[in-house]
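> what follows is a predicted protein model with its sequence.
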Amino acid sequence: ARHKNTAKNTATMLATSRLSTPLAARAQSHARELSRALTGVSRPLVPSDAQQQQQQRNNVCRSVQLQRSTAVQIRQRHSQTQVKRLFKNHPARARVFNRLGMEKRPGVIPDRKYPAVFEPEAVLPNGWSSPPAADFQLPQYPFHVPRTAGKVGGAAGFLPVYSDCRVHGTKYTTIIRKVTGDQDAFLSELRAVLRLDPRDDDIRIRAGGTIEINGNRVREVKEWLGGLGF
């Protein structure tokens, strides 16, 4: 009888205490289990669904904390540009390669597949070139580079080829925009026109059909696109 009264008093005190809701619920559950054990009622101590979910959340938190504590952040000492300048393109490396007969083997530059089919009648100093006539039959290319639109009176626009100067005026870049269609075929033809080694990283692909080329190759690219009839 004294044990029964003790369990009841404990449950009553926990129910009226000012503890937080999860802690109070857990204490009440333990008090009920203690009361059943003291009264002789045999019931397995099976955790509730809420307790199982809480236990799972605790396990996940422990695993995340363990991963964060054991994770090792690997940081390169040099950037890719520094690696090229200090190691790959270093003059001492080139001298050693020449002495040992280990010269860099150039890649195979692809051949042109689409010859020029049009010659612009006029090319202005600002880079504008006359487009083909309206009745000109443009060959079927796997790629397309449209001219800029929105000119006054519906005049023909410019070829979307621009130059940019970066890195405090020390690096020139050619930008080709609005390229659609087969990008691999366009890059292969571009390398053939500019004689670029496929093993070099001279061409970069950007979002929105934009292609960047190292160096100022605007005139060559415009002559090539104009000769294709764009």
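Okay, I see it.
> in the chain, what helix or strand scores lowest on average pLDDT?
helix 2-16 (a mean of 52; mean pLDDT, DSSP states H and E).
> for the closest residue to residue 200 other than its chain neighbours, give me its contacts.
Closest residue in space to residue 200, ignoring its immediate chain neighbours: residue 107 at 7.7 Å, by C-beta to C-beta, 6 or more residues apart in numbering. In short, each C-beta sits where N, CA and C put it, glycine included. Residues counted as contacts of residue 107 (C-beta atoms under 8 Å, 6 or more residues apart in numbering) are 197, 198, 199, 200.
> repeat that for 7 Å
197, 198, 199 (C-beta atoms under 7 Å, 6 or more residues apart in numbering).
> same question for residue 194.
Residue 194 makes contacts with 217, 220, as judged by C-beta under 7 Å, 6+ apart.
> distance of it relative to residue 124?
23 Å (C-beta to C-beta, to the nearest Å).
> now residue 219
Counting by C-beta to C-beta, the gap from residue 219 to residue 124 is 12 Å.
> compare those two and say which is more crowded by neighbours.
Applying other C-beta atoms under 10 Å to residue 219 and residue 124 shows that residue 219 carries more neighbours, namely 13 against 10.
> which strand or helix spans that one?
Using DSSP states H and E, residue 219 falls within helix 218-228.
> which residues of this structure score low on pLDDT?
The model of the chain has pLDDT under 70 over residues 1-28, 30-31, 34-48, 64-76, 103-106.
> all helices for it, in order.
Here the chain has its helices, by DSSP state H, at 2-16, 21-38, 49-70, 80-83, 91-100, 183-194, 218-228.
> skipping adjacent residues, who's closest to residue 214 in space?
residue 202 (4.6 Å).
> repeat for residue 160
According to C-beta to C-beta, 6+ apart, the nearest residue to residue 160 is residue 177 (4.1 Å).
> before we move on, the earlier item: mind listing what's buried along the helix holding residue 219?
For helix 218-228, burial by neighbour count (16 or more other C-beta atoms under 10 Å) applies to 218, 220, 221, 222, 223, 224, 225, 226, 227, 228.
> my guess is the last one meets residue 115, correct?
No - counting by C-beta atoms under 7 Å, residue 228 does not reach residue 115; the two are 8.9 Å apart.
> ok, and what's touching stretch 155-175?
127-129, 131, 145, 147-149, 151, 176-178, 210, 212-218, 221-222, 225-226, 230.
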